[in-house]
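Colleague: missing the sequence, but the structure's below:
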């Protein structure tokens, strides 16, 4: 009997060893299935709309069979894009203001662009009530898509559009304490109602160099000219916290720095200047003089804190601004770099963001274009709150800089168009040479209501010496509006 029990025990142990891999595989299978089920549930709840919303997801196109694309509106309720039926009953996308919002709103074909691309998924979702959905389904009608309410201000957009009439350039207007983009215009532009013709012309043998589809405000890169002196000044303030007010320089209209000849505009001799005077007069020789003493690694670090060489925190396509100088750079490049020439490049949007941080005591708010998503009945499905990007400038340095920028507008290079207004303005002008023939671009970046900043405007005018319209003039029109 004892022998039988021992034999059974031996068989049990042997079978247990044989079954161990099966048990392990069973447990692993259960764990994998449980994990997959948990992930599927998480995906459905948390990530499914994000994946479908990806602009590369072709599933969105299937929504067109059952949903009429929603409207795009300005913050004051003006419809700037909507879908209608033409005389043949075909659904077409209509842009009531033609070219005025072309780059920022975009177009809805050939891969889409602008808000039409970025918010495509939301425009093709419908959140009308269940009863209406059922009735539409039974009658074979499409459900109306959700509407995208932008941050854009119709009046400011119209002002920028008219001010740039016949001029190549860009205008950006932003609320500095919220990051809401109130206006964005790029010229030359196009009519999105006739995008088929525009597309064919741009891709023809004669239209290969056309830039009408380029949004200069976000994708154009330009030498910042004297607007870069804002950063040069901040670096000088950082390096000379106790004695910057003692800085003086006697300008004779031109000078040589590190074997590089620098001249002021029209060789104007500004005489003896303080740092504040140098900024107000946009004195190139004074800035080259102080710039060659600055720590170039420090200046590069400051620029990168201000988002040079980085992707901007912006939803739509934008170009990366460039600052390449550091302590290893040949010193002959520094005199030009510190006055905004040389290899430095910036977009109008980026220049506006730098000024937004100055206006907002060193803190940058993320720029955004969308206020909320509403269903066809006007109920808000999602409201977008302002988000902080972070502190990019020291608050004390900014507090010392702002009075100098105010001086630029009261008695300096911007005074012609900014002095005497019923509100205060702080900002910086700039001209940047684009070739050896004397062609130049004109800049202005600044903000209104200096004690409680309410609007930042950045303007870039190409070929200023030909059209004689300055960025400062256009910015004044924006502030007035």
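Modeller: Structure's in. What do you need? These numbers were taken from a predicted model, which means no experiment stands behind them.
Colleague: Quick check: mean pLDDT of the host helix or strand of residue 458?
Modeller: For residue 458, the host element (DSSP states H and E) is strand 455-461. On average, the pLDDT along strand 455-461 is 98.
Colleague: Tell me how far that strand lies from the chain's centre.
Modeller: Distance, stretch centre to chain centre, for strand 455-461: 13 Å (CA atoms, centre = their mean, to the nearest Å).
Colleague: Which stretches in the stretch 51-200 of the chain count as strands?
Modeller: In the stretch 51-200 of the chain, the strands defined using DSSP state E, counting those that start in this stretch lie at 67-68, 72-73, 79-85, 91-94, 143-144, 147-150, 169-174, 181-187.
Colleague: Give me the sheet partners of the second one and which way each runs.
Modeller: It refers to strand 72-73. When pairing is defined by DSSP bridges, strand 72-73 lines up against strand 79-85 (antiparallel), strand 147-150 (parallel).
Colleague: Check those strands for me and report the most buried one.
Modeller: Highest mean neighbour count of these: strand 147-150, a mean of 24 (counted as mean count of other CB atoms under 10 Å). For every residue, glycine as well, the C-beta is placed using N, CA and C.
Colleague: Kindly state the pLDDT recorded for residue 51?
Modeller: 46.
Colleague: same question, residue 17
Modeller: 67.
Colleague: And the strand holding residue 458, what does it pack against?
Modeller: Strand 455-461 is packed against strand 169-174, helix 348-359, strand 440-448, helix 471-480, with contacts defined by 3 or more CB pairs under 8 Å, 6 or more residues apart in numbering; DSSP states H and E.
Colleague: now with 10 Å?
Modeller: If contacts are counted by 3 or more CB pairs under 10 Å, 6 or more residues apart in numbering; DSSP states H and E, strand 455-461 sits against helix 154-163, strand 169-174, strand 181-187, helix 216-219, helix 348-359, strand 425-433, strand 440-448, helix 471-480.
Colleague: now what about the shortest one, what contacts it?
Modeller: Contacts of helix 216-219 from elsewhere in the structure, counted by CB atoms under 10 Å, 6 or more residues apart in numbering, are 103-104, 114, 160, 164, 168-172, 181, 183-189, 211, 213, 222, 312, 314, 316-319, 347-350, 352, 367, 458-460, 462.
Colleague: Now, of the residues you listed, which are buried?
Modeller: Among the contacts of helix 216-219, those classed as buried by 16 or more other CB atoms under 10 Å are 103-104, 114, 160, 164, 168-172, 181, 183-189, 213, 222, 312, 314, 316, 318-319, 347-350, 352, 367, 458-460, 462.
Colleague: Tell me where this structure is predicted with low confidence.
Modeller: Applying pLDDT under 70 to the chain flags the ranges 1-6, 8-20, 23, 39-62, 134, 140, 436.
Colleague: In contact with residue 202, which residues?
Modeller: 110, 190, 195, 208, 209, 210, 211, 212, 213.
Colleague: right, so of the helices and strands packed on strand 455-461, which gets closest to residue 122?
Modeller: strand 181-187 (17.5 Å; CB to CB).
Colleague: Against which helices or strands is the closest one packed?
Modeller: helix 102-105, helix 154-163, strand 169-174, helix 216-219, helix 348-359, strand 455-461, helix 471-480.
Colleague: Does anything pack onto the third one? Which helices or strands?
Modeller: In other words, strand 169-174. Under the contact definition 3+ CB pairs under 10 Å, 6+ apart, strand 169-174 sits against helix 154-163, strand 181-187, helix 216-219, helix 348-359, strand 440-448, strand 455-461, helix 471-480.
Colleague: Sheet-wise, list the partners of it with their directions.
Modeller: Sheet pairing of strand 169-174 (DSSP bridges) gives strand 181-187 (antiparallel), strand 455-461 (antiparallel).
Colleague: do you know which of those strands lies nearest residue 372?
Modeller: strand 181-187 (14.6 Å).
Colleague: returning to what we had before: highest mean neighbour count out of the helices and strands packed on strand 455-461?
Modeller: Mean neighbour count (mean count of other CB under 10 Å) peaks for strand 169-174 among the helices and strands packed on strand 455-461, with a mean of 29.
Colleague: returning to what we had before: with distance to residue 330 as added columns, please give the helices and strands packed on strand 181-187 in CSV.
Modeller: Formatted as CSV, those follow (distance: least, CB to CB, whole Å):
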stretch, distance to residue 330
helix 102-105, 38
helix 154-163, 40
strand 169-174, 32
helix 216-219, 30
helix 348-359, 26
strand 455-461, 28
helix 471-480, 31
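Colleague: For residue 145, which of those is the nearest?
Modeller: helix 102-105 (15.4 Å).
Colleague: Would you confirm that residue 437 contacts residue 465?
Modeller: Yes. Under the criterion of CB atoms under 10 Å, residue 437 is in contact with residue 465, at a separation of 9.3 Å.
Colleague: okay, these two: which has more neighbours?
Modeller: Shown here are residue 437 and residue 465; by other CB atoms under 10 Å, residue 465 has more neighbours (14 against 8).
Colleague: I'd guessed the more buried one sits against residue 432; true?
Modeller: No. Contact criterion CB under 10 Å: residue 465 and residue 432 do not qualify, at 11.4 Å.
Colleague: And the helices in the stretch 201-350 of the chain?
Modeller: Using DSSP state H, counting those that start in this stretch, the helices of the stretch 201-350 of the chain run over 216-219, 229-239, 275-280, 284-291, 296-305, 334-337, 348-359.
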